[in-house]
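1. need a structure here:
(one chain, ligands or ions: 2)
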Amino acid sequence: MAAIDKVKVVVLGDSGVGKSSLTHLIAHKTPINKPTWTLGCSVEVKLHEYEEGTPHQKTYFIELWDVGGSSNHRNTRHIFYLGVHGIILVHDLTNRKSQENIQKWLIEVFNKENYSKLKKNEEYDAEQFAGYSQIPVLVIGTKLDLMGESHNRILKRSSFICNEYGADEIFVDCQQGRSLAPGTSSAVKCSRFFDKVIKMRYQNQTGEKRKMYVNATSPIKYFRE
Ligand SMILES: Nc1nc2c(ncn2[C@@H]2O[C@H](COP(=O)(O)OP(=O)(O)OP(=O)(O)O)[C@@H](O)[C@H]2O)c(=O)[nH]1
Ligand SMILES: [Mg+2]
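-> Ligands and ions are numbered 1, 2, ... in the order given. Here you go, the predicted structure:
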């Protein structure tokens, strides 16, 4: 039997935003009961059907590297960023700071070798990270259930990274299995993201390089209805 090819996706965001809850939901399609604070990193694996329903359909393993978000581990977690093929940036919809911080997570993973040397207000040009600029990014806002009446207003909200980097964004309640049920727009976007990660890794290694500017302090842009 042929071995199944795999890709590595890191799941990043501030501590408590719901990365472990989300990772469990993606991998097992059911909510986790009581997640505990992640120390270091925990890895879940899921099978993904690449381009399902087309003649190119093929099964791949997706490794989801759920990295603990505590700032205490900032100087040691760069080892988890080696050989990354895709990035999921997670923020908590009830915590605006966590959304602003997803830029810092992206800079950290792109600049894994010398993150500790980065200056606070420095502007970064993705051409410095030419190889990394081809890594697909998906942004996920969690705790949709806690949004209350502002729920409708966030539907058109889009983070800075999405606008600048062309990343897709979805909003989920990680405590509900139906949040990522097959056929929902969130599940479709997730599946498209995994397809893109696989495509970049195995089929499109000479693709066009995109330019990206990320400023660690630039404001998040909001689009409201
Ligand atoms: N209501 C609600 N609670 C959530 C949701 N997602 C996560 N939580 C809760 O938020 C808390 C933190 O979730 P975790 O998944 O452990 O967060 P984490 O990002 O993995 O945190 P670290 O491991 O410390 O980096 C837990 O009590 C979860 O049950 C959600 O969509 N809705
Ligand atoms: Mg965790």
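2. residue closest to the middle of this protein?
-> residue 88 (0.7 Å; Cα atoms, centre = their mean).
3. bridged to it, which residues?
-> Taking DSSP bridges as the rule, residue 88 bridges to residue 11, residue 138.
4. show the pLDDT at it.
-> For residue 88, the pLDDT comes out at 97.
5. thinking it is in contact with residue 9, fair?
-> Yes: Residue 88 is in contact with residue 9 according to Cβ atoms under 8 Å; the separation is 6.1 Å. For glycine as for every other residue, the C-beta is placed from the backbone atoms N, C-alpha and C.
6. show me whatever sits in contact with both of those two.
-> Shared contacts of residue 88 and residue 9, defined by Cβ atoms under 8 Å, 6 or more residues apart in numbering, are found at residue 64.
7. can you pull out the strands in this protein?
-> With DSSP state E, the ranges of strands along the chain come out as 6-12, 41-50, 58-67, 86-92, 123-125, 137-142, 168-171, 213-215.
8. which of the ones you listed sits closest to ligand 1?
-> When these are compared by Cβ to the nearest ligand atom, strand 137-142 sits nearest ligand 1, at 4.3 Å.
9. that closest one vs strand 86-92, what angle?
-> Following axes from the mean of the first three to the mean of the last three Cα atoms, to 10 degrees, one obtains 20 degrees for the angle between strand 137-142 and strand 86-92.
10. touching ligand 1 at all, strand 137-142?
-> Yes: interface with ligand 1: strand 137-142 contributes residue 142 (Cβ under 6 Å from any ligand atom).
11. let me see the mean pLDDT of that strand.
-> 95.
12. tell me what that strand is packed against?
-> helix 19-28, strand 86-92, helix 160-165, strand 168-171, helix 185-198 (3 or more Cβ pairs under 8 Å, 6 or more residues apart in numbering; DSSP states H and E).
13. so, low pLDDT: which residues of the protein?
-> 1, 113-133, 149-159, 204-225 (pLDDT under 70).
14. the same query, at a cut-off of 50, please.
-> In the predicted model of the chain, residues 121, 206-225 satisfy pLDDT under 50.
15. reformat the strands of the chain as a markdown table; add distance to residue 148.
-> Output for the strands of the chain, formatted as a markdown table (distance: least, Cβ to Cβ, whole Å):
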| stretch | distance to residue 148 |
| --- | --- |
| strand 6-12 | 26 |
| strand 41-50 | 30 |
| strand 58-67 | 28 |
| strand 86-92 | 14 |
| strand 123-125 | 36 |
| strand 137-142 | 14 |
| strand 168-171 | 14 |
| strand 213-215 | 31 |
